[in-house]
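1. Generate coordinates for the sequence data below:
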Amino acid sequence: MSLEEMKGLHLQGEYIKPETKEVNGILMTKIVSDKWDKIWNFQAKPDDLLIATYVKSGTTWTQEIVDMIQNDGDVQKCQRANTFERHPFIEWTLPPPFSSGLDLAQKMPSPRTLKTHLPVQLVPPSFWKENVKIIYVARNAKDCLVSYYHFSKMLKMLPDPGTWEEYVETFKAGKVVWGAWYDHVKGWWGVKDQHRILYLFYEDMKEDPKREIQKILKFLEKDITEEVLNKIIYHTSFDVMKQNPMANYTTLPPSIMDHSISPFMRKGMPGDWKNYFTVAQNEEFDKDYQKKMAGSTLTFRTEI
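-> Here you go, the predicted model:
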């Protein structure tokens, strides 16, 4: 389907629900599953950097921080192109005229910064073989759920989330694209000491961006001045990024992302889940959470 046809459908108010298909037991959109062999055989390079997250866990924020670090705080350079063009999203494909993440990555000169939402077991093997540096960011499940719910409503390339009540159950069951949050965060946590992985928490980044950016600097073996560091903290703050068209996804047509339903950058604040969960839903969620996270040393804060 052409972009024009998609726009046409959008104008008629029709919702194009994408097909989904599992890849090794993980729900994906058919766009991803159809080219899974190509994704799995993607060739990483030793000087790549991979930013990995579960959906709606501070991915774009981390991408902007990294880009600012790599460009020594040069705001103009960091606005040279959309986030998704600067840091190819390896398993994703936007409709024409946009290039797929794979195509963008293959054409990009080294060193490349790439992005993925893949659970650890689906990461192309070349990333491990080349010992690529990976930054993983995890966010607490409740805020993730709320954010993913709104995101699924505005991003036309994700399945319709249904009602809030339905979505809470869908999320708990892991029947969402990219699989269960629980398995995702635990999977990456389990391998963090065997590879060059910096595991960060969204809540820590919100609480003290300076401290967390310094961790990223150390991991990337980069030195910057205090002045540049402060500039990065300012330009990657939620309010500034929300106004940056190269980071807030407003350059995509409403047939792909409809910001009138919900902005891509919505609130960016830990604890928003309290505005959505009923007391009963919260109790049920907590019980289910304890079961699913039992035995893991991974702990999250649901507010700061």
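2. ok, and for stretch 219-236, which residues are buried?
-> F219, I224, V228, L229, K231, I232, I233, H235, T236 (16 or more other Cβ atoms under 10 Å). C-betas here are computed from N, CA, C, even on glycine.
3. what's in contact with it?
-> 49, 61, 64-66, 68-70, 72-73, 75, 78, 133, 135, 198, 209-210, 213-214, 217, 240-241 (Cβ atoms under 8 Å, 6 or more residues apart in numbering).
4. So which of those sit within strands?
-> Here DSSP state E is the test, and the contacts of stretch 219-236 give L49, K133, I135, L198 as lying in strands.
5. To what extent is the second one buried, counted in neighbours?
-> The number of residues packed around K133, counting by other Cβ atoms under 10 Å, is 20.
6. Quick one: residues contacting it.
-> Under the criterion of Cβ under 8 Å, 6+ apart, the neighbours of K133 are D48, L49, L50, R196, I197, L198, F219, L220.
7. Ok, the last one next?
-> By Cβ under 8 Å, 6+ apart, the contact list for L198 reads K133, I134, I135, Y136, K215, I216, F219.
8. pLDDT at it, what is it?
-> If you check L198, the pLDDT there is 98.
9. Kindly tell me how buried A52 is, as a neighbour count.
-> Neighbours of A52 (other Cβ under 10 Å): 25.
10. Surely it touches Y136?
-> Yes - look at A52 against Y136 with Cβ atoms under 8 Å: they come within range, at 4.8 Å.
11. Next, show the common contact partners of these two.
-> The contact sets of A52 and Y136 overlap at W188 (Cβ under 8 Å, 6+ apart).
12. Would you point out the helix or strand in the protein whose mean pLDDT is lowest?
-> Within the chain, no helix or strand scores below helix 3-11, which has a mean of 41 by mean pLDDT, DSSP states H and E.
13. ok, and the closest non-adjacent residue to T302?
-> Of all residues not flanking T302 in the chain, N140 sits nearest, at 4.8 Å (Cβ to Cβ, 6 or more residues apart in numbering).
14. Relative to N275, how far out is that neighbour?
-> 15 Å (Cβ to Cβ, to the nearest Å).
15. quick one, which of the two is more surrounded?
-> Each of N140 and N275 has its neighbours counted (other Cβ under 10 Å); N140 has more, 23 against 8.
16. Relative to V191, how far out is that one?
-> Distance of N140 to V191, computed by Cβ to Cβ: 21 Å.
17. follow-up on the earlier one: I'd like the next helix or strand past the least confident helix or strand of the chain.
-> Counting by DSSP states H and E, the next helix or strand C-terminal to helix 3-11 is strand 20-23.
18. So for the helix or strand just after that next one, mean pLDDT?
-> Once strand 20-23 ends, the next helix or strand along the chain (criterion: DSSP H and E) is strand 26-29. The average of the pLDDT scores along strand 26-29 is 96.
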